[in-house]
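S.K.: Fold the stuff below for me.
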Amino acid sequence: MVTMLLHWLIYSLASVWLISADGELCNSTEYFKVYSALFEKLGLLEKKEITFRPLREQNDPTNVYVDLYVTSITDVNEKAQSISTQVRLLTYWITEISWNSSEFCNIDRFVIQKDLFWTPDTVVLESIKTEFAAIEPPYVRLYDFGMMDMFDFLTLVTTCKMDLHSFPFDTQICSLSLRSLAHSDDELIFAQSESSQGLTSESQRIFQTQGEWELLDINTSTNNSYAMWVSQSQIIFQITIKRRPLLYIVNLIVPVFCFLVLDVASFFINASVSEKLGFKVTLLLSISVLLLILNEKLPSTANDIPLIGIYCSGVFTLIGISILETIFVNVLIRKGEDTKSEKPATATGQDGGVRDLNNSLDTVTSGYEEVTCILNILKLILMEFRAVTQQHQPKESLCWIRAARIIDVTFTAIYIITIVVFLSLLGKVWIVL
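M.R.: Purely as a prediction, here's the structure:
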């Protein structure tokens, strides 16, 4: 590539020097004559140029240089393991056609129909579907120092093996392998001219979309592959892209975490057991909806379980265990209440009090004695009421209720510790990946 650029620079400087020395400028009429003379010299007017592969020497392979620039990433389908991209493909190679631009009014390049020349039959091996962004370009450019190039703007749908273990904080590497369908490596060799850093910086400069994916890097490599017992040269472009996770954090990770916080807070609210149970079941159903959304996004053939699946399933399991604990505590409380109702309280000394009350009524004979009797009656009624209200609950019912409270407090502490450990370990693994 450097050699070709040096040749082009030398020819340009020489042409400028000749024109400035002669002091001659070509007008439009002369340009027409010059183009006619140039095409006649190159044998293009009679279409004598045979569409054979350009050869310098016998058994000398043709070097084809390919530069691939990614202009946009339109879609990444995790289910189908495919990626849709728009690329700009620059292909150029050396031919035997050259001329002295100083003899033809400093014409150092021109555009001509592609059908008059040999062009490399390049194919993308990973392609599922390939389309031109507009129409197939019908022209190529020919330079005076013997180089020919062509631009193609392509829309590619290619396969890409994705690792979704760290979804949505994942980085994917998708390959685009370019190879000739017909020529072996003895006839055609693919090579790279632009460095990987140059391809990356130019692609990031012309990148047109600001969607879910960010273009990080483009690396190139060349090797040989075998097809039908024939060794063929190929060039591989490895495109590294990174997902922007903000959408999934807001719509998936944060809601699930909020549901978990609400489940923990339900242990501290002053409500009946049935109300807590209904609240927890509602949380469980909400997480089930989020799991359905996640199932629509992730492929079912993944080798490793995605960490976000472990996260959602872990929270789902924790809330399910919390519901079971609430049901168990409810059973214990109901058991204590049933035991209490089976043993009604009896007031000690009730019969004696009634007998004393009858005797007092029989002994009332005068007004003074009547007042004394009424006071005694009120005193006996107060004693009976106090005896009833101060009756102790059965010891068996107290045991059931006390056991339910101890289990509830102990489970709450263990539950909070388990959540902290689970989220800490998962977050550490997620950040490291």
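
S.K.: how near is the residue sitting nearest the centre point of the chain to G309?
M.R.: Against the mean C-alpha coordinate of the chain, by CA atoms, centre = their mean, the closest residue is P168 at 3.9 Å. Using CB to CB, to the nearest Å, we find P168 at a distance of 12 Å from G309. For the C-beta atoms, the positions are set from N, CA and C on the backbone; glycine is no exception.

S.K.: Next: V64.
M.R.: 45 Å.

S.K.: next one: R88
M.R.: The value you get for R88 to G309, if CB to CB is used, is 38 Å.

S.K.: again, but for L216
M.R.: 25 Å.

S.K.: now the helices for the stretch 101-250 of the chain?
M.R.: 196-206, 246-248 (DSSP state H, counting those that start in this stretch).

S.K.: can you tell me which of those helices comes nearest to G146?
M.R.: helix 196-206 (23.5 Å; CB to CB).

S.K.: residues of that closest one that come out buried?
M.R.: Using 16 or more other CB atoms under 10 Å as the test for burial, helix 196-206 gives 199-200, 202-203.

S.K.: With only the CA atoms kept, save it in CSV.
M.R.: Extracted C-alpha coordinates of helix 196-206, given in CSV (Å, rounded to 0.1, in the frame of the first residue of the first chain):
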residue,chain,number,x,y,z
SER,A,196,-7.0,-2.2,12.5
GLN,A,197,-6.8,1.1,14.3
GLY,A,198,-7.5,3.0,11.1
LEU,A,199,-10.5,0.8,10.3
THR,A,200,-11.9,1.3,13.8
SER,A,201,-11.4,5.1,14.0
GLU,A,202,-12.9,5.6,10.5
SER,A,203,-15.9,3.3,11.3
GLN,A,204,-16.5,5.2,14.6
ARG,A,205,-16.3,8.5,12.7
ILE,A,206,-18.9,7.5,10.1
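
S.K.: Count the residues that sit near C174.
M.R.: 22 (other CB atoms under 10 Å).

S.K.: That one touches N219, doesn't it?
M.R.: No - applying CB atoms under 8 Å as the test, C174 and N219 come out as separate, 11.4 Å apart.

S.K.: Which neighbours do these two have in common?
M.R.: Common contacts of C174 and N219 (CB atoms under 8 Å, 6 or more residues apart in numbering): Q238.

S.K.: out of L216 and G309, which sits in the busier spot?
M.R.: The neighbour count for L216 versus G309, taken as other CB under 10 Å, is higher for G309 (18 against 14).

S.K.: Strands of the stretch 51-200 of the chain, residue ranges please.
M.R.: Secondary structure of the stretch 51-200 of the chain (DSSP state E, counting those that start in this stretch): strands located at 62-77, 82-94, 109-113, 122-124, 127-132, 139-143, 147-159, 171-180, 188-191.

S.K.: Work out the gap between the top helix by length along the chain and the centre of the chain.
M.R.: Determined from DSSP state H, the single longest helix within the chain is helix 395-432. Distance of helix 395-432 from the chain centroid (CA atoms, centre = their mean, to the nearest Å) equals 33 Å.

S.K.: swap in stretch 316-327?
M.R.: The answer for stretch 316-327 is 30 Å, by CA atoms, centre = their mean.

S.K.: The chain should start at 37 in everything you say after this.
M.R.: All set: I'll call the first residue 37, so the last point we hit is now stretch 352-363.
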